[in-house]
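*Asks:* quick one, fold the following:
(chains A and B, ligands or ions: 2)
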Amino acid sequence: MLAPVEIEFINVKKTFSNGAKVLDNFNLKVRKNESLVIIGRSGVGKSIMLKILLGLVRLSAGDVMAGGISVYDRKRRQQYLSKFSMMFQGGALFDSMTVEQNVIFGLMNRGTPKNEATKIAQEKLLAVELDKSVFKLYPSALSGGMQKRVALARAIALKPEIMLFDEPTSGLDPVTGATISQLIRGMIKKFNFSCITITHDLSAAQVVADRVALLDSGKIIWEDKVKALNSSDNPIVRHFMESSRWTKGRA
Amino acid sequence: MMIKKNFLADIGAKTLGMLVESGKLAIFVSKGVWACFSPPVYCGEMLKQILHTGFFSIPIVGLTAVFSGMVIALQTYVGFAKFSGESAVATVVIVAITRELGPVMAGLMVAGRISASIAAELGSMKISEQIDALEVLGVSPFRFLVAPRIWACLISLPLLTVLADIIGTFGGFVVGTTKLGFSSHAYMTQTFANLKMEDVICGLVKSACFGFVIAAFGCFYGFNSLRGAKSVGEATTMAVVAACMGVLVLNYIVTSLFFGA
Ligand SMILES: Nc1ncnc2c1ncn2[C@@H]1O[C@H](COP(=O)(O)OP(=O)(O)OP(=O)(O)O)[C@@H](O)[C@H]1O
Ligand SMILES: [Mg+2]
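*Replies:* Ligands and ions are numbered 1, 2, ... in the order given. So this is what the prediction gives:
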């Protein structure tokens, strides 16, 4: 039997004030405990899609539901948001707080007492392979990849119902990248959240995904089980696969 | 004919743009005020902001005040000498400082220093998605970022104004006694005789209003930065210009409410 639908985009349209049409009749369903990976060329609107889901960017038409609540429901906004945890593409670390405080701040705002939050924060930071020596540093003192891992730790510390990752492995070396994708997979198995991951990294997609969807020209133009990626005859999917094989072959 | 049409269309578009902007500002400000009076209060953030806005503005406000006091003493002496009114120096200095120079100088200095720093900081938080991240964590950016800054400016500016009043008067005193030949006793007596409570209070009310517009414009333009470093730069410029204009306009309005006929 299919699990109930957790996230649903219904005929979503997004046009920016400068006329740029990003999403057009975009439909997508994610079921409970399912891990969906979204791939697509740069600039097709993948990040915007996640921001629309969180209500950070207003949609031009359509509706988005998560756990039975509409993104338009301002009265239940806090309840709606408390279902989510998001890792932003650029990290979005608070640069007035240290690495450790960044993670603790998130936890405390979701109601975890300070002592426990500190413990969880340290545990998660170690899990993303950050050294204890960076815990008290400010984000500006870290490399891009390290910032990314702090952002990841901050996101996974929360244990929400729905997890959103915007390019969790981009900018990381392949070894760390592989560890991170394993970590995400492990978390999904252990905590049973629904998950949307955006990535260009197809090897990460193979590890993380139950299902893969391809976003192009404002719509999902292809979606299937992750295993079907290799055998798909959709030209854009094939193009994606070939380019990634090519890069891998060269490296 | 074509040119005329375009010209009119331009004026129309600009006017509409300004109306939209004022509407956005009004909504932003009401949200900010609401955030100031609704829990949770982030005390740590507020203290940090008070330190940044108040304490670290002391040198620059003090310096401007002392030189303003000194120059007004000098100018009054020279000007009033033409009709033998030199003896009024202390009176003019204390009235000018408490009514106008203290609050306005403090206001303009803080407007330059703080509205720029607020707009730049919040602008870069906005473009690096930190404000989005706050919201997702269930933290209201208005309560966490805007309210502490509004409170900090509301509290700091009157205190800085009191300081500017004292230091400015002292500047006048130094010039009066060392250069213009007043005895320190006579200068002080005249100063206190003309120190009016209502002048000081008017100055404090003004400065609290200045504090509010400085924080409001800084936050508004910071939050409305679009994307990229250029837009943060533009937000900063707009914030400083708007805050300084705001200070000068409010100065007239509050003055006319207190002293106007
Ligand atoms: N505020 C905005 N105003 C106008 N256009 C915007 C705005 N924000 C995003 N866009 C446009 O929306 C499109 C989608 O942006 P988005 O950040 O979602 O891309 P993406 O799919 O995440 O790309 P990448 O893989 O490079 O991160 C882009 O073409 C961008 O130019
Ligand atoms: Mg993106």
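*Asks:* name the helices or strands packed onto the helix or strand hosting A:Q182?
*Replies:* Using DSSP states H and E, A:Q182 sits within helix A:174-191. The contact analysis (3 or more Cβ pairs under 8 Å, 6 or more residues apart in numbering or on different chains; DSSP states H and E) places helix A:174-191 against helix A:144-156, strand A:162-166, strand A:194-198, helix A:202-208. From N, CA and C alone the C-beta is placed, and that goes for glycine too.
*Asks:* and if we set it to 7 Å?
*Replies:* helix A:144-156, helix A:202-208 (3 or more Cβ pairs under 7 Å, 6 or more residues apart in numbering or on different chains; DSSP states H and E).
*Asks:* residues in contact with it?
*Replies:* If you take Cβ atoms under 7 Å, 6 or more residues apart in numbering or on different chains as the criterion, helix A:174-191 is touched by A:35, A:127-129, A:145, A:152, A:156, A:159, A:165, A:168-169, A:172, A:195, A:201, A:204, A:207-208.
*Asks:* that older thread, for A:V44, find the nearest of the helices and strands packed on helix A:174-191.
*Replies:* A:V44 sits nearest to helix A:202-208 of all the helices and strands packed on helix A:174-191, at 15.9 Å, using Cβ to Cβ.
*Asks:* and the contacts of the closest one?
*Replies:* When contacts are defined by Cβ under 7 Å, 6+ apart, helix A:202-208 is touched by residues A:35, A:37, A:39, A:169, A:177, A:181-182, A:184-185, A:197, A:199, A:212, A:226, A:240-241, A:244.
*Asks:* can you show me the helices along chain B?
*Replies:* Remark: helices assigned in chain B by DSSP state H are B:2-36, B:43-53, B:58-81, B:89-96, B:102-110, B:116-127, B:130-136, B:141, B:147-178, B:184-193, B:197-223, B:229-259.
*Asks:* find the closest residue to ligand 2 in the stretch 151-261 of chain B.
*Replies:* B:R227 (12.6 Å; Cβ to the ion).
*Asks:* check contacts around the residue nearest to that residue when sequence neighbours are not counted.
*Replies:* Taking Cβ to Cβ, 6 or more residues apart in numbering or on different chains as the measure, B:R227 lies nearest to B:I127, with 5.7 Å between them; neighbours along the chain are not counted. For B:I127, the contacting residues are B:S225, B:R227, B:G228, B:V232, by Cβ under 7 Å, 6+ apart.
*Asks:* hmm, try it at 10 Å
*Replies:* By Cβ atoms under 10 Å, 6 or more residues apart in numbering or on different chains, the contact set of B:I127 is A:G90, B:S225, B:L226, B:R227, B:G228, B:A229, B:S231, B:V232, B:A235.
*Asks:* any of these buried? List them.
*Replies:* Buried members of the contacts of B:I127, counted by 16 or more other Cβ atoms under 10 Å in any protein chain shown: A:G90, B:S225, B:S231, B:V232, B:A235.
*Asks:* pick the one among the residues you listed closest to B:G203.
*Replies:* Distances from B:G203 to the buried ones among the contacts of B:I127, taken by Cβ to Cβ, are shortest for B:A235, at 30.1 Å.
*Asks:* do you know the pLDDT at the closest one?
*Replies:* On pLDDT, B:A235 comes in at 94.
*Asks:* now A:S70: phi and psi?
*Replies:* A:S70 adopts backbone torsions of phi -80, psi 150, taken as degrees, to the nearest 10.
*Asks:* same deal with the one 5 residues further on?
*Replies:* Summarising the backbone geometry of A:K75 under the convention degrees, to the nearest 10, its torsions are phi -70, psi -40.
*Asks:* returning to that earlier point: just send the helices and strands packed on helix A:174-191 back as CSV, with mean neighbour count, distance to B:Y252 and mean pLDDT too.
*Replies:* Below are the helices and strands packed on helix A:174-191 laid out as CSV (neighbours: other Cβ atoms under 10 Å in any protein chain shown; distance: least, Cβ to Cβ, whole Å; pLDDT from 0 to 100):
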stretch, mean neighbour count, distance to B:Y252, mean pLDDT
helix A:144-156, 24, 48, 90
helix A:202-208, 21, 62, 88
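*Asks:* quick one, which of the ones you listed gets closest to ligand 2.
*Replies:* Going by Cβ to the ion, the one of the helices and strands packed on helix A:174-191 nearest ligand 2 is helix A:144-156, 13.2 Å.
*Asks:* just the CA atoms of that closest one, as PDB, please.
*Replies:* Only the C-alpha atoms of helix A:144-156 are listed here, as PDB (Å, rounded to 0.1, in the frame of the first residue of the first chain):
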ATOM      1  CA  GLY A 144      33.200  26.900   1.800                       C
ATOM      2  CA  GLY A 145      33.000  23.100   2.200                       C
ATOM      3  CA  MET A 146      33.300  23.400   5.900                       C
ATOM      4  CA  GLN A 147      30.500  25.900   6.100                       C
ATOM      5  CA  LYS A 148      28.400  23.600   4.000                       C
ATOM      6  CA  ARG A 149      29.000  20.800   6.500                       C
ATOM      7  CA  VAL A 150      28.100  23.100   9.400                       C
ATOM      8  CA  ALA A 151      24.800  23.900   7.600                       C
ATOM      9  CA  LEU A 152      24.200  20.300   7.100                       C
ATOM     10  CA  ALA A 153      24.800  19.600  10.800                       C
ATOM     11  CA  ARG A 154      22.400  22.400  11.700                       C
ATOM     12  CA  ALA A 155      19.700  20.900   9.500                       C
ATOM     13  CA  ILE A 156      20.000  17.300  10.600                       C
END
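*Asks:* this completes my enquiry, with thanks.
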